[in-house]
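Asker: Give me the fold of what follows.
(one chain, ligands or ions: 2)
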Amino acid sequence: MGKYTGVIFDLDGVICFTDKYHYQAWKRVADKLGIEFNETINNRLRGVSRMDSLEIILERYDGTLSQAEKEALATEKNDLYRQLLSGMSPADLSPEVKETLDALRAAGLKLAIGSSSKNTKFILERLGLSGYFDAISDGTNITRSKPDPQVFLMAADFLGMKPESCLVVEDAQAGIQAACAGGFDSAGLGEAAACGKATYAMDTFAQLRTICGA
Ligand code: B16
Ligand code: MG
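Answerer: Ligands and ions are numbered 1, 2, ... in the order given. This next block holds a predicted model:
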């Protein structure tokens, strides 16, 4: 085994790709309010909590909404998002991701999820990964969203490991900032690889095998 004994994976954008569903669901909310919503704004929502995402969308809204009205909009978004997630199946898990996870596990590494999503367990179920990970830290056990390191610190704690023994895998800049703030090394994909702050910039998920010596 290499430098790490644990790997903490972000979910959306790393293990699976639900961006398009977030987009469709937030678009319906934005259309209802008569405000612009596009892919660029959607990209800013990566790794950000549901209520913080709504605040970003409302930057273009002129009116005032009460907390109850905001919560109703977030619920409406989540209901539609979950309907879209229901159509996912194990076929949505890429063979590259599954084979890499299996290889890391076979090499003796402990694997955890560190996601801002409150739908983590539902998504893992849809992908056929219920019970696969050694620990899950997600939107249901945190009070502060990425870039705060809380979600990863709790994942490491659930694994019984120190941050310096764990590698965080992320697709969002907010996630890489969270990993740095928590004292973790990080491996970035996509935007997180391009931001220049990740310990390792990856082109493919399978590169984790080399990084972790698996
Ligand atoms: P939910 P991650 C994040 O998941 C998503 O990237 C982000 O777009 C979303 O707003 C957030 O989860 C909350 O999701 O509404 O399902 O609780 O990338 O941290 O796995
Ligand atoms: Mg993500």
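
Asker: Show me where this protein has its strands.
Answerer: With DSSP state E applied, the chain shows strands at 6-9, 110-114, 135-137, 166-170, 185-188, 200-201, listed in chain order.

Asker: Please dump the ones you listed into CSV; it should also carry distance to ligand 1 and mean neighbour count for every row.
Answerer: All C-beta atoms are positioned from the backbone trio N, CA, C, and that covers glycine. What follows is the strands of the chain, written out as CSV (distance: least, Cβ to the nearest ligand atom, whole Å; neighbours: other Cβ atoms under 10 Å):
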stretch, distance to ligand 1, mean neighbour count
strand 6-9, 9, 27
strand 110-114, 7, 25
strand 135-137, 10, 21
strand 166-170, 8, 29
strand 185-188, 13, 24
strand 200-201, 18, 16
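
Asker: Go through those and name the closest to Gly63.
Answerer: strand 166-170 (34.9 Å; Cβ to Cβ).

Asker: starting at the chain centroid, how far to the closest one?
Answerer: 11 Å (Cα atoms, centre = their mean, to the nearest Å).

Asker: Return the residues of this protein in contact with ligand 2.
Answerer: Asp10, Asp12, Gly13, Gly47, Asp171, Ala172 (Cβ under 5 Å from the ion).

Asker: Could you rank those residues by neighbour count and give me the top one?
Answerer: Of all the residues of the chain next to ligand 2, the most densely surrounded is Asp10 (31 neighbours; neighbours counted as other Cβ atoms under 10 Å).

Asker: In space, what's closest to Glu191 - neighbours in sequence excluded?
Answerer: Nearest residue to Glu191 in three dimensions, chain neighbours excluded: Gln173, at 6.0 Å (Cβ to Cβ, 6 or more residues apart in numbering).

Asker: check contacts around the one you found.
Answerer: Arg46, Gly47, Glu191, Ala192, Cys195, Lys197 (Cβ atoms under 8 Å, 6 or more residues apart in numbering).

Asker: With Glu164 instead?
Answerer: Gly183, Phe184, Asp185.

Asker: Show me what the longest helix anywhere in the chain is packed up against.
Answerer: Longest helix of the chain, by residue count under DSSP state H: helix 67-85. The contact analysis (3 or more Cβ pairs under 8 Å, 6 or more residues apart in numbering; DSSP states H and E) places helix 67-85 against helix 19-33, helix 50-57, helix 120-126.

Asker: who wins for proximity to Leu153 among those?
Answerer: So among the helices and strands packed on helix 67-85, helix 120-126 is nearest, using Cβ to Cβ, at 16.7 Å.

Asker: So what's the gap between that closest one and the chain middle?
Answerer: 12 Å.

Asker: okay, and for the protein, where does confidence drop off?
Answerer: By pLDDT under 70, the weakly predicted segments of the chain are 1.

Asker: At the contact with ligand 1, which residues of it appear?
Answerer: Listed as neighbours of ligand 1 in the chain under the rule Cβ under 6 Å from any ligand atom: 10-13, 22, 45-50, 53, 78, 115-119, 139, 172.

Asker: let's see 5 Å
Answerer: Residues of the chain lying near ligand 1 by Cβ under 5 Å from any ligand atom: 10-12, 45-47, 50, 53, 115-119, 139.
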